[in-house]
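[1] sequence first, predicted model second:
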Amino acid sequence: MNKQVSQNGPARVGIGGPVGSGKTALIEQLIPLFINRGNEIAIVTNDLVTREDAKRLQQSGLLAPERVVAVEAGACPHTVIREDPTLNIQAANRLDQEFENLDIILIESGGDNLASTFSLDLVDYWMFVIDTSEGDDIPRKRGPGIVQSDLLVINKIDIAKYVGADVDLMVKEGQEVRGNKPLVLTNCKTGQGIEDVANHIINNVLFK
């Protein structure tokens, strides 16, 4: 049996990014992939004053509804994942207690700006999701989410041609600002790149 990296039970992985970048869609693609690999998974979602993302996942049929817990941030989304992640820590601890064999808890931030980052008191590893509709200049704006995340995901590559975005340029400039940190291209409609995202999680935080 492989040993998990996290010292606090299941590995905790943060997923951040702007509103509409595809964070929830990415999670919907990751859930069956992890389940098919025999991994036990649960989700914490963040929204400002609603539980829309949690309800979407609970009603998706992809996993038992009780494995999804909602956190209402009530203010700036990054406050509850960085400055004071208490609510998210409590939600993750609750899932850990209710489901003893969990391997991984995905913690989805509410939609935020490029300055969003995760406290390492909350997560073992975190990714930042941007998409081509935001413009191909996003990587070179060097927001902390883009530069500091363990994994940068450039999503919606299928619509780049319709919004005038140059994916090759986004990759080039993303690599320049991130140095050796990895970057993955995804299309959540077709599943392209999702296995690469899962492999980064598995290889870096889920198992030694």
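    Nice, thanks for sending it over. For clarity, every value in this text was computed on a predicted model and none was experimentally measured. Numbering: from 1, shown residues only.

[2] tell me the secondary structure at residue 42.
    On the three-state scheme (DSSP: H, G, I helix; E, B strand; the rest coil), residue 42 is labelled strand.

[3] quick check: which element contains residue 34?
    With the criterion set as DSSP states H and E, the secondary-structure element containing residue 34 is helix 23-36.

[4] kindly report the same for residue 69.
    For residue 69, the element it lies in under DSSP H and E is strand 68-72.

[5] now the helix holding residue 34 against strand 68-72, angle please.
    150 degrees (axes from the mean of the first three to the mean of the last three CA atoms, to 10 degrees).

[6] now do the same for residue 4: its pLDDT.
    Predicted confidence (pLDDT) for residue 4: 42.

[7] repeat for the one 3 residues further on
    In the prediction, the pLDDT value recorded for residue 7 is 50.

[8] then residue 200?
    According to the prediction, residue 200 has pLDDT 96.

[9] returning to that earlier point: got the buried residues for the helix holding residue 34?
    For helix 23-36, burial by neighbour count (16 or more other CB atoms under 10 Å) applies to 23-31, 33-34. Heads up, the C-betas are built off the backbone N, CA and C, glycines and all.

[10] could you look up the SS state of residue 84?
    Recorded secondary structure, residue 84: coil (three-state DSSP).

[11] contacts only, for residue 113.
    Contacts here follow CB atoms under 8 Å, 6 or more residues apart in numbering; on that basis residue 113 touches 18, 143, 145.

[12] on that earlier part again, format the buried residues of helix 23-36 as CSV; extra columns: pLDDT.
    As requested, these are exported to CSV (pLDDT from 0 to 100):
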residue, pLDDT
23, 96
24, 96
25, 97
26, 98
27, 98
28, 98
29, 98
30, 98
31, 97
33, 96
34, 96
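
[13] please, where are all the strands along the chain?
    With DSSP state E, the ranges of strands along the chain come out as 11-16, 41-47, 68-72, 104-108, 125-131, 151-155, 183-185.

[14] can you put those in a markdown table and add distance to residue 192, mean neighbour count and mean pLDDT?
    Below are the strands of the chain laid out as a markdown table (distance: least, CB to CB, whole Å; neighbours: other CB atoms under 10 Å; pLDDT from 0 to 100):
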| stretch | distance to residue 192 | mean neighbour count | mean pLDDT |
| --- | --- | --- | --- |
| strand 11-16 | 18 | 27 | 97 |
| strand 41-47 | 21 | 25 | 95 |
| strand 68-72 | 25 | 21 | 94 |
| strand 104-108 | 20 | 27 | 97 |
| strand 125-131 | 13 | 26 | 97 |
| strand 151-155 | 10 | 26 | 98 |
| strand 183-185 | 7 | 19 | 98 |
